[in-house]
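# Quick one, structure for this:
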Amino acid sequence: MTRVKLLSLLLIIAGALAISACAVVSKQASLPSWHPEQLGEGRPDCTECHEEQIKAVGKPSQTFKHTTEFVRQHRLYASQDEKVCALCHKFSFCNACHANELEIKPSTFLGNRPDRELPHRGDYLTLHMIDGKADPTSCYRCHGRSNNERCVSCHK
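Below you'll find the model as predicted:
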């Protein structure tokens, strides 16, 4: 009888190990439904972005590489999903440059930040129609044609 119990216990342990091994090598992602971005195939390494997998606490900002090129191109990431940025940044962070009413270029008030080379003043959003009417091709150089989604969202 004890031999049967021992064998049953060993089979249960072996089954549990087999199931957990399959879960580790599974190509099926195991992200929560509210996760802000889709990841590649296979199981993600949650600790790349999170301190603890269970609590989903984000890592310190120094962990994420905000290179000069990233800062210049951050609109591509921000437009895909704001939740990724919201792990660290509040909406007011965006407004410091994008909806500011200060008559000052970001290059002046941001000091030595890599995005300081931005060409517009802080209040440019309210003034861009003047340049746009005078010479729309100057806008197209960086922002694309006038029928792009960004323009159409306000200019219907």
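# CA atoms only for the lengthiest helix in the chain - export them in CSV, please.
What stands out as the longest helix in the chain, according to DSSP state H, is helix 2-25. Extracted in CSV, the C-alpha atoms of helix 2-25 (Å, rounded to 0.1, in the frame of the first residue of the first chain):
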residue,chain,number,x,y,z
THR,A,2,2.8,2.5,0.9
ARG,A,3,4.4,1.6,-2.4
VAL,A,4,1.3,2.7,-4.3
LYS,A,5,1.1,5.9,-2.3
LEU,A,6,4.7,6.7,-3.0
LEU,A,7,4.3,6.0,-6.7
SER,A,8,1.2,8.2,-6.8
LEU,A,9,3.0,11.0,-5.1
LEU,A,10,5.9,10.7,-7.6
LEU,A,11,3.5,10.8,-10.5
ILE,A,12,1.8,13.9,-9.2
ILE,A,13,5.1,15.6,-8.7
ALA,A,14,6.3,14.6,-12.2
GLY,A,15,3.0,15.8,-13.7
ALA,A,16,3.3,19.2,-12.0
LEU,A,17,6.9,19.6,-13.2
ALA,A,18,5.9,18.7,-16.8
ILE,A,19,3.1,21.2,-16.7
SER,A,20,5.3,24.0,-15.4
ALA,A,21,8.1,23.1,-17.9
CYS,A,22,5.5,23.4,-20.7
ALA,A,23,4.4,26.8,-19.4
VAL,A,24,8.0,28.1,-19.4
VAL,A,25,8.7,27.1,-23.0
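# burial of residue 91, as a residue count?
For residue 91, the count of nearby residues is 11 (other C-beta atoms under 10 Å). C-beta here means a position set from N, CA and C on the backbone, and glycine is covered the same way.
# Relative to residue 73, how far out is it?
Distance from residue 91 to residue 73, counting by C-beta to C-beta, to the nearest Å: 20 Å.
# now residue 84
With distances taken as C-beta to C-beta, residue 84 is found 14 Å from residue 73.
# More neighbours: these two, which one.
residue 84 (16 against 11).
# what's the longest helix of the chain packed up against?
Helices and strands touching helix 2-25, by 3 or more C-beta pairs under 8 Å, 6 or more residues apart in numbering; DSSP states H and E: there are none.
# what comes up buried for that helix?
For helix 2-25, the neighbour count (16 or more other C-beta atoms under 10 Å) marks no residue as buried.
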